[in-house]
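> sequence-free structure coming up:
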């Protein structure tokens, strides 16, 4: 069989200002987004939305800043990726084509001098450490 990476690219590719930006989503991040959108009672405030956008864009955010992409365009790309990976590609495409008219809120832009997402943001999305199944089984049987 041929290597899956040779013919499948799961990245979301968004054209902005004549350049294409690739946005990738890990399994952990995809699960986080599915949970986020599955909870109808959870509403993101501006700060938490900005955090989600920055995490979703990852290193692509810095590329956009380096290319002088404006914050409204960066936020639109980030929201598109959130919908694409968190709900469905169709939802992401609808949002992309809405030119931002479908979402309210105005998350404040991060500093353009920011060169990395920061330790706090990375710590929020660290995968949980795996627990050995034997330890879990022993914990259930010893009472």
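Great, that's in hand. Note that this is a predicted model, so its numbers are computed, not measured. Numbering: from 1, shown residues only.
> which intervals of the chain have sub-threshold pLDDT?
For the chain, applying pLDDT under 70 flags the ranges 100-143.
> in whatever helix or strand residue 55 lives in, what's buried?
Assigned by DSSP states H and E, residue 55 falls within helix 46-57. For helix 46-57, a neighbour-count test (16 or more other C-beta atoms under 10 Å) marks 49, 50, 51, 52, 53, 54, 55, 56, 57 as buried. The way it works is simple: take the backbone N, C-alpha and C, and place the C-beta from them, glycine included.
> hang on, residue 20 is in a strand, isn't it?
Yes - applying DSSP: H, G, I helix; E, B strand; the rest coil, one finds residue 20 inside a strand.
> Identify the residue spatially nearest to it, adjacent ones excluded.
Leaving out its chain neighbours, the residue that sits closest to residue 20 by C-beta to C-beta, 6 or more residues apart in numbering is residue 13, at 5.3 Å.
> Report the contact partners of the one you found.
Residues near residue 13 by C-beta atoms under 8 Å, 6 or more residues apart in numbering: 20, 21, 22, 23.
> Leaving out sequence neighbours, find the closest residue to residue 25.
residue 85 (4.2 Å).
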